[in-house]
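S.K.: Below are the sequence and a predicted model; questions follow.
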Amino acid sequence: MTDYDTYGTSTHIASELVRLVTSHLDVVFTERESDYRGVYHLAQGTYERIEIQPNAIPSDDGQDDLYTPEHPAVRVLLLTNTPASAPSLHTRLGAIQGLVHLSRASW
């Protein structure tokens, strides 16, 4: 089973959140670019996969779409993909001021 968690913040920009998560989790992010998602940051390793990206993603019509339209006030998202429940990861992320857990799905 894999857990997918979504966190969000309106307090930090993506580069600030990368710095904060790096210091809390001791992970290394690489910047990536996607036609669908725009610029995002990816860390893979101990916690499987962590991504930081803007909620607003580029669209073909020139208007940005929201990755999580149910949370329009959230500017930056943090997405985790872990092979099982990761309580230590969630505790460490919960210590980051301004970062809020938005949802969890398991498959």
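M.R.: Now that the structure is in, tell me what you want to look at.
S.K.: Show me where the chain dips below the pLDDT cut-off.
M.R.: Along the chain, no part satisfies pLDDT under 70.
S.K.: and if we set it to 80?
M.R.: Across the chain, the ranges flagged by pLDDT under 80 are 35, 46-47, 59-60, 62, 84-86.
S.K.: Let me see the contact set for the most centrally placed residue in it.
M.R.: Nearest residue to the geometric centre of the chain (CA atoms, centre = their mean): residue 78, 1.2 Å. By CB atoms under 8 Å, 6 or more residues apart in numbering, residue 78 lies in contact with 6-9, 17, 21, 50-52, 93, 99. Heads up, the C-betas are built off the backbone N, CA and C, glycines and all.
S.K.: Quick check: of the residues you listed, which lies closest to residue 40?
M.R.: The nearest member of the contacts of residue 78 to residue 40, counting by CB to CB, is residue 51 at 5.6 Å.
S.K.: how much space between the closest one and residue 61?
M.R.: 25 Å (CB to CB, to the nearest Å).
S.K.: Can you pick out the residue with more neighbours from those two?
M.R.: residue 51 (18 against 7; other CB atoms under 10 Å).
S.K.: So which elements touch the helix or strand containing that one?
M.R.: Assigned by DSSP states H and E, residue 51 falls within strand 48-54. Counting contacts by 3 or more CB pairs under 8 Å, 6 or more residues apart in numbering; DSSP states H and E, strand 48-54 packs against helix 14-25, strand 38-45, strand 76-82.
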